[in-house]
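A.B. asks: take this sequence and fold it.
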Amino acid sequence: MHAVDTAGGGLRQVETATLQDQVYGELRRAIMAGVYRPGETLSTGTLAAAVGTSLMPVREALRRLAAEQAVEILPKRGVRIPLVDRARYRELGRVRMMLEGEAASMAAAFVGDDELARLEDLCARMNACVPGRERWQDYVVANHAFHFTVYAASRSRVLLPIIESLWLQSGPLRNLYGEVGIKDRGGHHETIIAALRTRDAEAARRAMARDIETGVEFFCSVARFPDDGG
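C.D. replies: The predicted structure is shown next:
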């Protein structure tokens, strides 16, 4: 698997105001988007340089992320992205299908024209990256933005943080795109947009669940997990 440059889909420099929260938000976004691979060690110095801060806000952000199981703080070994075994990844996928499908269903009632236009743009950006691996970083950033535009359109203050916690645990697997490339996903994103545009809640739920299921099966077919043995 590949690490990601700080340019493009990596970390962005933050402003001084609410510094700790901004650093935390940037690291959280990067983990959810697959910027870091499972098992990757994170250097506080490198992270601080990437976001343009001192070490203290980065350390505080990492402590908060550890409490969310997004990183592991290992005594005398630093901080790393957790490894996820195959069984846990499949379970995360099943829970994501239920909750993110529900969020898509709820979004059908509330999504606005501006959000639909943004989804169309993000879908076009993802399609421009398929197939191949050259633009995988662009793909994972656009994919993250697409999904969370849908979930934000649900207007649910309960579902969104739960979904974010699931992405924190499963997001690092998306780094594998840098190794195996982006595959055609079967038009699921277009189907999601069409369902939202026609206010078809059940179609939106099914399309979102199918998109997640396809992604989980793809990664399970190409990734090597810690519990595979051999």
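
A.B. asks: the helices in this protein, which residues?
C.D. replies: Along the chain, counting by DSSP state H, helices occupy 19-32, 44-51, 55-67, 86-110, 113-127, 136-152, 159-170, 177-180, 188-197, 201-222.

A.B. asks: least reliable of these going by mean pLDDT?
C.D. replies: For the helices of the chain, the weakest mean pLDDT is recorded on helix 177-180, namely a mean of 81.

A.B. asks: would you reformat the helices of the chain as JSON lines and include distance to Gly10 and mean neighbour count?
C.D. replies: C-betas here are computed from N, CA, C, even on glycine. Output for these, formatted as JSON lines (distance: least, Cβ to Cβ, whole Å; neighbours: other Cβ atoms under 10 Å):
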{"stretch": "helix 19-32", "distance to Gly10": "7", "mean neighbour count": "20"}
{"stretch": "helix 44-51", "distance to Gly10": "7", "mean neighbour count": "17"}
{"stretch": "helix 55-67", "distance to Gly10": "14", "mean neighbour count": "17"}
{"stretch": "helix 86-110", "distance to Gly10": "24", "mean neighbour count": "19"}
{"stretch": "helix 113-127", "distance to Gly10": "17", "mean neighbour count": "15"}
{"stretch": "helix 136-152", "distance to Gly10": "8", "mean neighbour count": "22"}
{"stretch": "helix 159-170", "distance to Gly10": "17", "mean neighbour count": "18"}
{"stretch": "helix 177-180", "distance to Gly10": "12", "mean neighbour count": "18"}
{"stretch": "helix 188-197", "distance to Gly10": "23", "mean neighbour count": "20"}
{"stretch": "helix 201-222", "distance to Gly10": "21", "mean neighbour count": "19"}
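
A.B. asks: can I get those in a markdown table with distance to Ile73?
C.D. replies: Formatted as a markdown table, those follow (distance: least, Cβ to Cβ, whole Å):
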| stretch | distance to Ile73 |
| --- | --- |
| helix 19-32 | 13 |
| helix 44-51 | 11 |
| helix 55-67 | 5 |
| helix 86-110 | 20 |
| helix 113-127 | 34 |
| helix 136-152 | 25 |
| helix 159-170 | 15 |
| helix 177-180 | 26 |
| helix 188-197 | 36 |
| helix 201-222 | 26 |
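
A.B. asks: ok, which of the ones you listed comes nearest Leu11?
C.D. replies: With Cβ to Cβ as the criterion, Leu11 lies closest to helix 44-51 of the helices of the chain, at 4.1 Å.

A.B. asks: what's in contact with the closest one?
C.D. replies: Applying Cβ atoms under 8 Å, 6 or more residues apart in numbering, the contact partners of helix 44-51 are 6, 10-14, 22-23, 26-27, 54-55, 57-59, 62, 78-79.

A.B. asks: can you check stretch 202-211 too?
C.D. replies: Stretch 202-211 has contacts (Cβ under 8 Å, 6+ apart) with 97-98, 100-105, 107-108, 150, 185, 188-189, 191-192, 194-196.
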